[in-house]
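> Fold the following.
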Amino acid sequence: MTPPKIYPNFEGLEYLTAAVIICDTKFLVLYINPSTEALLEISNDQACSKNIEIFLDDVEFFKHAANTARESQSAFRENEFFIKTKHNKTICVTLTVTMINNGANYLIEMIQMDQQVKIAREERMFIQQQANTELLRNLAHEIRNPLGGLRGAAQLLEKELESKNLKEYTTIVISEADRLQNLMNKLLTPHQLPAYKMTNIHEVIERVRGLIVSEFEGEIEFIRDYDVSLPEFTADREKLIQALLNIGRNAIQAMLKDSTIKPKLKIITRSERQIIFHKKKHSTAIRIDIVDNGPGIPKNIKDKIFYPLVSGNQQGTGLGLSLAQNFITLHKGLIEVESNPGETAFTIILPVKNDLKNTKGL
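Here you go, the predicted structure:
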């Protein structure tokens with residue numbers, strides 16, 4: 001919502017991910033930005049002209065913070081301060097109080113504590129994902145050239161051999177070289193330029209469901225819980241299919257390997273509004289939850305599952321989830337996982353307006 005015209009300098013606050021409140025010296029609310037609306041579960045119109053005390057658990061401490069900021073003419077910061085939402089839910093935030101407009105107003109900035117942890121985790125994941133991408137690229141290029149030479153030499157040797165028994169060995173060499181070549185092609189797939197077009201997320205999921213059902217027919221129960229009102233958005237359909245398929249296939253293989261009783265794979269779609277990730281606020285996003293009732297991710301690899309060549313399956317390549325993360329990142333999206341024995345949930349967030357026109361392949 002547009003801030004009051006008498007405070008034109010507040011307009012830049014609309015785009016901040018931090019929750020910001022402007023109040024006067026009597027602590028009457030003049031303006032809250034969209035991040036505050038989401039945090040406190042209240043609209044700007046509902047909050048304006050109300051005393052800020054309605055949001056505070058410790059009113060006296062807040063007044064002390066405000067007075068200190070006024071007297072020192074500098075920002076007052078408290079790392080653990082409790083506020084209340086419209087529905088009386090208590091939230092711990094980092095609170096900063098600053099005097100602005102020559103002492104006429106207080107600017108109150110709040111960052112939810114668990115949000116800070118989430119932002120830090122997202123940053124670490126993004127940095128690691130960039131490192132993974134570079135590793136995959138270098139690894140693929142370093143292996144492809146000698147691999148081609150190895151295969152060619154094996155073919156030439158095979159032509160010179162007369163013994164069928166010896167030719168069996170060259171056949172194995174050629175076959176394994178082809179297998180490694182296919183693996184290298186998978187490693188290089190994310191670096192191809194994506195093909196973006198308007199996409200319906202449920203068409204993507206249904207394609208994934210069809211592939212999974214045909215591969216694991218009769219072995220699992222596939223449950224769908226869709227929000228059919230979700231809008232179309234710009235995406236590379238094939239890359240999203242591959243990302244979801246990698247996650248779903250990994251989950252099913254883990255359940256079958258563990259002999260899970262009545263294995264189930266559930267895909268849930270929902271709309272998310274005023275959501276913040278990658279330090280950016282998105283007005284609308286699509287959320288996809290892929291949930292299984294399997295054994296959970298082993299603790300020793302739980303924090304590394306998006307690293308390349310890390311797998312809980314001895315027969316796996318360890319590339320499925322790394323590639324899935326790359327593909328989601330191409331869409332300016334986010335992928336997270338929560339796992340416990342009996343339930344593992346991969347959550348994918350895809351912004352509807354994701355400004356992908358200048359995005360290049362990883």
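> tell me which strands and helices the helix or strand containing C23 is in contact with?
Applying DSSP states H and E as the criterion places C23 in strand 19-24. Judged by 3 or more CB pairs under 8 Å, 6 or more residues apart in numbering; DSSP states H and E, the packing partners of strand 19-24 are strand 29-32, helix 34-40, strand 105-112. Bear in mind the C-beta positions are built from the backbone N, C-alpha and C, glycine included.
> elements contacting the last one?
Counting contacts by 3+ CB pairs under 8 Å, 6+ apart, strand 105-112 packs against strand 19-24, helix 34-40, strand 90-100.
> Let's see that with 10 Å instead.
strand 19-24, strand 29-32, helix 34-40, helix 59-72, strand 76-84, strand 90-100, helix 113-160 (3 or more CB pairs under 10 Å, 6 or more residues apart in numbering; DSSP states H and E).
> tell me the domain boundaries of this protein?
For the chain, automatic domain parsing gives the domain ranges 8-113, 193-362.
> Out of the helices and strands packed on strand 105-112, flag the one nearest N250.
Across the helices and strands packed on strand 105-112, N250 has its closest neighbour in helix 113-160 (16.6 Å, CB to CB).
> Test my guess that K264 contacts T344.
No. At 11.4 Å, K264 does not count as touching T344 under the criterion of CB atoms under 10 Å.
> between the two, what contacts are shared?
Shared between the contact lists of K264 and T344 (criterion: CB atoms under 10 Å, 6 or more residues apart in numbering) are residues 251, 255, 291-294.
> between those, which is closest to N101?
So of the shared contacts of K264 and T344, ranked by how close each gets to N101 (CB to CB), first place is V291, at 49.5 Å.
> mind listing the helices in the stretch 251-362 of the chain by residue range?
Remark: helices assigned in the stretch 251-362 of the chain by DSSP state H, counting those that start in this stretch are 320-330.
> Any regions of it where pLDDT drops low?
Within the stretch 251-362 of the chain, the stretches falling below the threshold (pLDDT under 70) are 274, 276-279, 281, 308-318, 354-362.
> got it, and the stretch 51-200 of the chain?
113-141, 183, 185-193.
> for the shared contacts of K264 and T344, which one is nearest Q73?
V291 (52.5 Å).
> Any figure for the gap between the closest one and Q155?
48 Å (CB to CB, to the nearest Å).
> Can you pick out the residue with more neighbours from those two?
Legend: neighbour count by other CB atoms under 10 Å for V291 and Q155, higher for V291 (19 against 13).
> before we move on, back to that, could I get the helices and strands packed on strand 19-24 as JSON lines with mean neighbour count and distance to F327?
Converted to JSON lines, those look like this (neighbours: other CB atoms under 10 Å; distance: least, CB to CB, whole Å):
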{"stretch": "strand 29-32", "mean neighbour count": "24", "distance to F327": "37"}
{"stretch": "helix 34-40", "mean neighbour count": "22", "distance to F327": "28"}
{"stretch": "strand 105-112", "mean neighbour count": "21", "distance to F327": "29"}
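> Make TSV out of the ones you listed and add distance to K84.
What follows is the helices and strands packed on strand 19-24, written out as TSV (distance: least, CB to CB, whole Å):
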stretch	distance to K84
strand 29-32	14
helix 34-40	8
strand 105-112	12
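> Just give the number of residues close to L230.
Using other CB under 10 Å as the criterion, the residues surrounding L230 number 20.
> Among the helices and strands packed on strand 19-24, which comes closest to L230?
The nearest among those, by CB to CB, is helix 34-40 at 19.5 Å.
> what is the rounded mean pLDDT of the closest one?
Helix 34-40 shows a mean pLDDT of 85 in the predicted model.
> list the helices and strands that helix packs on?
Against helix 34-40 (3+ CB pairs under 10 Å, 6+ apart) you get strand 19-24, strand 29-32, helix 44-47, strand 76-84, strand 90-100, strand 105-112, strand 264-277, strand 280-292.
> one more time with 8 Å
strand 19-24, helix 44-47, strand 105-112, strand 264-277.
> Make TSV from those and add distance to S229 to it.
Formatted as TSV, the helices and strands packed on helix 34-40 follow (distance: least, CB to CB, whole Å):
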stretch	distance to S229
strand 19-24	28
helix 44-47	25
strand 105-112	28
strand 264-277	7
